[in-house]
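Undergrad: What follows is a protein structure lacking sequence information:
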């Protein structure tokens, strides 16, 4: 069974540009989560989508947004990129609505903002 | 305010010995806990979970202990192997809430 996949694996952008990151969950999983792991820091929760709707978001500015498609894949968009947005962005999926369900992670997208 | 803390940023253990990774939390509403392992350049891998109705869960070489009164959980790895060298994250959630992750502990198992 295929795990969570993310693309691209690496992304280099300059300040002010927009970045789009993509995630495909494990087949049958309806919830998708996005996390940011900046260098030297732990995982910071960004966004949670379930059944196409945004269920919760972490303490990030509105320029971090996303969506979930009918096939449960998801996009994370980061607008007006800033240098401190450079991080590993992880996507995870789970079977049911969020809390208490084991999340399975993808390999991540490494975003570098120059 | 960090709700989930892993106060040891790193830990070194000899191969074959026990590794004990600790995690403390402040939110008494947390009722489900997970441990993840992360190798460089890879996403986290689920290891083991425990719910607040239990105080111990075991899976092979991995055992998680939960002390609700102390708001403390620990992951024991016995025996430790060089392949266990990774960053270990604990995560906690309350009903209807997303998981909160600790900052991680880097475990080095020395041959």
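TA: Yes, it's here. In this text, all values refer to a predicted model and were calculated from it rather than measured experimentally.

Undergrad: Can you tell me the closest non-neighbouring residue to the most centrally placed residue in chain A?
TA: By C-alpha atoms, centre = their mean, chain A has its centre lying nearest to residue A:34, at 3.0 Å. Nearest residue to residue A:34 in three dimensions, chain neighbours excluded: residue A:46, at 4.1 Å (C-beta to C-beta, 6 or more residues apart in numbering or on different chains). From N, CA and C alone the C-beta is placed, and that goes for glycine too.

Undergrad: if we can go back for a sec, give me the distance between the residue nearest to the centre of chain A and residue A:107.
TA: Distance, residue A:34 to residue A:107, by C-beta to C-beta, to the nearest Å: 14 Å.

Undergrad: what does the helix or strand residue B:63 falls within rub up against?
TA: Assigned by DSSP states H and E, residue B:63 belongs to strand B:62-67. For strand B:62-67, contacts defined as C-beta atoms under 8 Å, 6 or more residues apart in numbering or on different chains pick out B:33, B:35, B:47-50, B:52, B:54-58, B:72-78.

Undergrad: Tell me the buried residues in it?
TA: B:62-66 (16 or more other C-beta atoms under 10 Å in any protein chain shown).

Undergrad: Direction included, what does it pair against?
TA: strand B:56-59 (antiparallel), strand B:72-77 (antiparallel) (DSSP bridges).

Undergrad: Just name the most buried of those strands.
TA: strand B:72-77 (a mean of 19; mean count of other C-beta atoms under 10 Å in any protein chain shown).

Undergrad: after that one, next one along is what?
TA: Next along from strand B:72-77, by DSSP H and E: strand B:86-93.

Undergrad: quick one: the residue nearest to the centre of chain A and residue A:66, what's the gap?
TA: 6 Å.

Undergrad: ditto for residue A:54
TA: Using C-beta to C-beta, one obtains 8 Å as the distance from residue A:54 to residue A:66.

Undergrad: Same check on residue B:92?
TA: 24 Å.

Undergrad: Repeat that for residue A:10.
TA: The value you get for residue A:10 to residue A:66, if C-beta to C-beta is used, is 19 Å.

Undergrad: And residue A:22, by the same measure?
TA: Distance from residue A:22 to residue A:66, counting by C-beta to C-beta: 10 Å.

Undergrad: And residue A:6, by the same measure?
TA: When distance is defined by C-beta to C-beta, residue A:6 is 13 Å away from residue A:66.
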